[in-house]
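In: Sequence and computational prediction follow.
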Amino acid sequence: MQREYHTSTLLKNIKGSTITLATLEGIEMDDPQRFFGDTADHLQRDLQANPEHTAKQLREAGDRYVFITPANTNAPPEGQEV
């Protein structure tokens, strides 16, 4: 998986989801930046409230993805031999 493409897709999804949440919360067009900041603060509080769960999620996400790098561009998928 290409890291840059995946990162770009995730950021677009986060932005779209946050805009949808703002709409559901009745946020007006003149105030989306505040809402994005408030949402980030809310997420940060959630992370700080349960650091063990956050650490577990980070480990599991790290185990789930293998990114293409110059060192592994021509390597077979993990677990397969050439």
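Out: Right, received. Where do you want to start?
In: Only C-alpha atoms from now on, for both contacts and neighbour counts.
Out: OK.
In: quick check: longest helix of this protein.
Out: Secondary structure assigned by DSSP state H gives helix 3-24 as the longest helix of the chain.
In: other SSEs contacting it?
Out: Here helix 3-24 touches helix 32-49, going by 3 or more Cα pairs under 8 Å, 6 or more residues apart in numbering; DSSP states H and E.
In: Tell me which residues are up against the helix it packs on.
Out: Outside of helix 32-49, the residues within contact range by Cα atoms under 8 Å, 6 or more residues apart in numbering are 18-19, 22, 27, 54.
In: In TSV: these, plus pLDDT, distance to residue 44 and neighbour count.
Out: As requested, those are exported to TSV (pLDDT from 0 to 100; distance: Cα to Cα, whole Å; neighbours: other Cα atoms under 10 Å):
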residue	pLDDT	distance to residue 44	neighbour count
18	94	15	17
19	92	18	16
22	92	18	18
27	89	21	15
54	93	11	14
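In: Need the max-distance pair from those residues.
Out: Pairwise distances across the contacts of helix 32-49 (Cα to Cα) peak at 28.6 Å, for the pair 27 and 54.
In: related to what we said a few turns ago, what angle separates the longest helix of the chain from helix 32-49?
Out: 110 degrees (axes from the mean of the first three to the mean of the last three Cα atoms, to 10 degrees).
In: Report the buried residues of helix 3-24.
Out: Neighbour counts over helix 3-24 (16 or more other Cα atoms under 10 Å) mark 18-19, 22 as buried.
In: Kindly export it (C-alpha atoms) in CSV.
Out: Only the C-alpha atoms of helix 3-24 are listed here, as CSV (Å, rounded to 0.1, in the frame of the first residue of the first chain):
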residue,chain,number,x,y,z
ARG,A,3,1.5,5.6,2.3
GLU,A,4,0.9,8.9,0.6
TYR,A,5,-2.3,7.7,-1.2
HIS,A,6,-3.7,6.1,2.0
THR,A,7,-2.9,9.2,4.1
SER,A,8,-4.6,11.4,1.5
THR,A,9,-7.7,9.2,1.4
LEU,A,10,-8.0,9.1,5.2
LEU,A,11,-7.7,12.9,5.4
LYS,A,12,-10.4,13.4,2.8
ASN,A,13,-12.6,11.0,4.8
ILE,A,14,-11.9,12.7,8.1
LYS,A,15,-12.7,16.1,6.5
GLY,A,16,-15.9,14.8,5.0
SER,A,17,-17.0,13.1,8.2
THR,A,18,-16.3,16.2,10.2
ILE,A,19,-18.3,18.3,7.8
THR,A,20,-21.2,15.8,8.0
LEU,A,21,-21.0,16.0,11.8
ALA,A,22,-21.0,19.8,11.7
THR,A,23,-24.1,19.7,9.6
LEU,A,24,-25.8,17.3,12.0
